[in-house]
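Participant: build me a structure from this.
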Amino acid sequence: MITFCRWRMRIIIGQPNLESGLIQLEKELREHANADMLLYPEGYLNQNVEEA
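Facilitator: Okay, the predicted model is just below:
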């Protein structure tokens with residue numbers, strides 16, 4: 001027996017502009033609160049790890 005699982009995943013891929021805070025990430029999280037996954041470049045969070 002072969003069973004297939006069909007479900008949809010909401011994935012947001014961000015390409016933010018360089019900034020000193022997390023404004024763009026916070027905006028994306030608010031606008032896409034129902035997303036299952038949000039991908040942002042590693043460097044974006046590394047510069048703001050304490051604020052994240």
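Participant: what's next to stretch 31-46, contact-wise?
Facilitator: 9-16, 22, 25, 28-29, 52 (Cβ atoms under 8 Å, 6 or more residues apart in numbering). C-beta here means a position set from N, CA and C on the backbone, and glycine is covered the same way.
Participant: how about a cut-off of 7 Å?
Facilitator: Residues from elsewhere that reach stretch 31-46 (Cβ atoms under 7 Å, 6 or more residues apart in numbering): 9-14, 16, 25, 28-29, 52.
Participant: helices and strands of this protein: which one has the lowest mean pLDDT?
Facilitator: Every helix and strand of the chain was ranked by mean pLDDT, DSSP states H and E. The lowest is helix 42-46, at a mean of 78.
Participant: that one: which residues count as buried?
Facilitator: Tyr44 (16 or more other Cβ atoms under 10 Å).
Participant: ok now it, how far from the chain's centre?
Facilitator: 12 Å (Cα atoms, centre = their mean, to the nearest Å).
Participant: pull the CA atoms of it into PDB?
Facilitator: Taking C-alpha atoms only, helix 42-46 is exported to PDB below (Å, rounded to 0.1, in the frame of the first residue of the first chain):
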ATOM      1  CA  GLU A  42      22.400  34.400   7.700                       C
ATOM      2  CA  GLY A  43      24.300  37.700   7.700                       C
ATOM      3  CA  TYR A  44      21.100  39.600   8.400                       C
ATOM      4  CA  LEU A  45      20.600  38.000  11.800                       C
ATOM      5  CA  ASN A  46      24.300  37.700  12.600                       C
END
